[in-house]
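In: what's the 3D shape of this:
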Amino acid sequence: MRLPQKPPPLESLLKEASKAGRLADLLPYVRNQGRLRNYAHWDKLRRLSPPEGINHREWWLLVKLARQDGLRPIGLVDNENQPFQFAVPEEVLALLHQIDLGAGGLVSLPEPITNTSTRDRYLVSSLMEEAITSSQLEGAATTRDVAKEMIRTGRKPRDYSEQMILNNYQTMQQIREWKAEPLTPDLVLRIHRLVTDKTLDDPSAAGRLRYANEHRVVGDDYGEVYHYPPAAEQLDERMKAMCDFANSRTPDYFVHPVVRAILLHFWLAYDHPFVDGNGRTARALFYWSLLRSGYWLFEFISISTVLRRHPAQYARSFLYTETDDNDLTYFLVAQTEVIHQAIEGLHAYIERKTRELREAETQLRALAWFNHRQVALIRHGMTHPGQRYTIESHRKSHDVVYQTARTDLLDLAEKEVLEQFKHGKQIVFIAPEDMVERLKNLEKKLKGSLSK
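Out: Okay, here's the model as predicted:
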């Protein structure tokens, strides 16, 4: 990905306009430019058609002047000690309202999420999805089906990619517990240690800040450098400042909780305090922040799924911020849209799964004889013939105790819905090719026994 063109400095634009006698003519148009949609960066704006009567440099001057009043600092500074600032444009305000309605309360939430009998299944599925796609963003090379099979069966990871995914899954589970704790440097290190366990060339780098001799830059495989993180000597103080921001001790004005979580994500990624695992740790902090602020639906939402579909856009929002006077609004705009898409994706997924389940229930009345966990497995088995299930995989998929999972599967095997055999000391259950026919036959048997 190429670096965006750095915008011309505001001071030079002001001098140009003043020298040309244009400043007085341009200033009345400043207010209108503040409503420019999509918070365009210079690299994009220079390719658009400017308003009649002005050139691109004058247009950018108007845009920059219109944005100045809304920008506020958060306590993060760059390598030259210049502050990062952000604004909340109208497009972000509108999305924040939708996020508040869709993730912070009970308005219009899908019934399977609020229903205690089915929420655990969706929770486990979401945790797996975030673990997998967050790892894939960082280079993990394995398929979703293989990764889910590993997590469900509890088998050990076979390689680096699977270990990374398992680490992320365990971290996302732990974040649900850590949300009650304030953020401290020690907690950040604990998160990083869990994220990077058994995946670093130097195992001692897990759970510690990088040393002065561990120089790190963010770039591509062709030698293009996009970001130079702060020096290692600054990291202790910078992390303390980040924790103060995360715990709402700074700044001295209200910051919307979703905005705070997004900026915390950027802060950790910018400081790049670790040898590796910075992106995964940053996204984990984002989840910690939102869950701590009461946005409980984020237990079920995967932002990395959206980010993975648009990786260039994700990277570009970082670059736009750094190349335009540390204006965090670019990252804020991009991430609020990602969150909004992730929430809509969750609603669409649940609606689709609910519809599929209802269709199956109308076609196969035998499903009424099973509990919701067994129905979920049956639905999965009908579309994945030959799939293997174990007591441990069923237990993990539904977050239940061993005995409950064992009873579920043995009941399905006894009714001949699943095939059962032993593999060593382990009992394995298989979804047969003719599961639908077996269910129909079971329905006839159950009806016959009830009619006697």
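In: Phe84 looks like it's in a helix, true?
Out: No. Per DSSP: H, G, I helix; E, B strand; the rest coil, Phe84 lies outside any helix segment and is strand.
In: just to check, it is in contact with Asp78?
Out: Yes. Using CB atoms under 8 Å, Phe84 is in contact with Asp78, at 6.9 Å. Placement of C-beta: from N, CA and C, glycine included.
In: identify the contacts common to these two.
Out: Shared contacts of Phe84 and Asp78, defined by CB atoms under 8 Å, 6 or more residues apart in numbering, comprise Asn326.
In: Asp327: neighbour count?
Out: 22 (other CB atoms under 10 Å).
In: what residues are up against the nearest residue to Leu166 once chain neighbours are set aside?
Out: Excluding the flanking residues, the one nearest Leu166 by CB to CB, 6 or more residues apart in numbering is Pro157, at 5.2 Å. Pro157 is in contact with 150, 163, 165-166, 198, counting by CB under 8 Å, 6+ apart.
In: tell me which of these has the lowest pLDDT.
Out: Lowest pLDDT within those is found at Met150 (89).
In: what ranges do the strands span in the stretch 301-450 of the chain?
Out: 388-390, 419-423, 426-430 (DSSP state E, counting those that start in this stretch).
In: re the thing from before, for Phe84 and Asp78, indicate the residue with more neighbours.
Out: More neighbours surround Phe84 than the other of Phe84 and Asp78, with 22 against 15 (other CB under 10 Å).
In: show me what contacts the more buried one?
Out: By CB under 8 Å, 6+ apart, the contact list for Phe84 reads 73-74, 76-78, 266, 270, 321, 326-328.
In: now it: how far from Arg260?
Out: 14 Å (CB to CB, to the nearest Å).
In: CA-only coordinates of the helix or strand hosting Leu291 in PDB, if you can.
Out: Per DSSP states H and E, Leu291 falls inside helix 278-292. Extracted C-alpha coordinates of helix 278-292, given in PDB (Å, rounded to 0.1, in the frame of the first residue of the first chain):
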ATOM      1  CA  ASN A 278       0.500  -5.000  19.300                       C
ATOM      2  CA  GLY A 279      -2.500  -5.200  16.900                       C
ATOM      3  CA  ARG A 280      -4.100  -8.100  18.800                       C
ATOM      4  CA  THR A 281      -3.500  -6.400  22.200                       C
ATOM      5  CA  ALA A 282      -4.900  -3.100  20.900                       C
ATOM      6  CA  ARG A 283      -8.100  -4.800  19.700                       C
ATOM      7  CA  ALA A 284      -8.400  -6.700  23.100                       C
ATOM      8  CA  LEU A 285      -8.200  -3.300  24.900                       C
ATOM      9  CA  PHE A 286     -10.900  -2.000  22.700                       C
ATOM     10  CA  TYR A 287     -13.200  -4.800  23.800                       C
ATOM     11  CA  TRP A 288     -12.100  -4.400  27.500                       C
ATOM     12  CA  SER A 289     -13.100  -0.700  27.300                       C
ATOM     13  CA  LEU A 290     -16.500  -1.200  25.800                       C
ATOM     14  CA  LEU A 291     -17.400  -4.100  28.100                       C
ATOM     15  CA  ARG A 292     -16.300  -2.100  31.100                       C
END
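In: got a list of contacts for it?
Out: Under CB under 8 Å, 6+ apart, the answer for helix 278-292 is 103, 130, 134-135, 137-138, 164, 168, 171-172, 175-176, 178-180, 183, 188, 191-192, 195-196, 246, 257-258, 260-262, 264-266, 268-269, 272, 274, 298-299, 303-304.
In: as TSV, the contacts of Phe84 with distance to Leu412 would be great.
Out: Listed next are the contacts of Phe84 as TSV, based on distance: CB to CB, whole Å:
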residue	distance to Leu412
Pro73	59
Ile74	54
Leu76	54
Val77	59
Asp78	59
Phe266	48
Tyr270	51
Thr321	53
Asn326	58
Asp327	57
Leu328	52
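In: can you flag the buried ones in those?
Out: 74, 76-77, 266, 270, 321, 326-328 (16 or more other CB atoms under 10 Å).
In: restricted to helices, list those.
Out: 266, 270, 321 (DSSP state H).
In: can you lay out these as CSV showing pLDDT and distance to Ala431?
Out: Formatted as CSV, these follow (pLDDT from 0 to 100; distance: CB to CB, whole Å):
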residue, pLDDT, distance to Ala431
Phe266, 98, 44
Tyr270, 96, 47
Thr321, 97, 49
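In: now distance to Val417 too, for those residues, in TSV please.
Out: Putting these into TSV (distance: CB to CB, whole Å) gives the following:
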residue	distance to Val417
Phe266	50
Tyr270	53
Thr321	54
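In: from the residues you listed, which is closest to Leu410?
Out: Nearest to Leu410 among these is Phe266, at 50.1 Å by CB to CB.
In: against Asp43, how distant is Arg2?
Out: Separation of Arg2 from Asp43 (CB to CB): 9 Å.
In: of these two, who's got more company?
Out: Shown here are Arg2 and Asp43; by other CB under 10 Å, Asp43 has more neighbours (18 against 9).
In: the more buried one contacts Gln5, doesn't it?
Out: Yes. Using CB under 8 Å, Asp43 is in contact with Gln5, at 4.7 Å.
In: shared neighbours, these two?
Out: Thr323.
In: what's the closest non-adjacent residue to the residue nearest the centre of the chain?
Out: In the chain, the centroid-proximal residue (CA atoms, centre = their mean) is Ile303; its distance is 2.7 Å. Spatially, and ignoring its direct neighbours in sequence, Ile303 is nearest to Ala342 (5.1 Å; CB to CB, 6+ apart).
In: quick one, what contacts that neighbour?
Out: Counting by CB under 8 Å, 6+ apart, Ala342 touches 301-303, 305-306.
In: repeat that for Arg365.
Out: Contacts of Arg365 (CB under 8 Å, 6+ apart): Glu443.
In: and the helices in the stretch 151-300 of the chain, which stretches?
Out: 160-178, 185-196, 235-246, 257-271, 278-292 (DSSP state H, counting those that start in this stretch).
In: the stretch 351-452 of the chain now?
Out: Under DSSP H, counting those that start in this stretch, the stretch 351-452 of the chain gives helices at 372-383, 391-398, 402-414, 435-451.
In: domains of this protein?
Out: Domains of the chain are assigned by automatic domain parsing as 10-69, 74-348, 369-451.
In: please identify the most buried of these.
Out: domain 74-348 (a mean of 18; mean count of other CB atoms under 10 Å).
In: how much space is there between Gln374 and Asp145?
Out: Applying CB to CB, the value for Gln374 to Asp145 is 22 Å.
In: likewise Gln420?
Out: Going from Gln420 to Asp145 by CB to CB gives 23 Å.
In: now do Glu237
Out: Taking CB to CB, one finds Glu237 at 45 Å from Asp145.
In: state the distance from Gln85 to Leu264.
Out: 16 Å.
In: to clarify, my last question referred to Met242.
Out: Taken as CB to CB, the span from Met242 to Leu264 is 7 Å.
In: ok, Asp276 next?
Out: As judged by CB to CB, Asp276 and Leu264 stand 20 Å apart.
In: where does pLDDT dip in the protein?
Out: By pLDDT under 70, the weakly predicted segments of the chain are 1, 31-37, 104-124, 220-223, 353, 356-364, 448-452.
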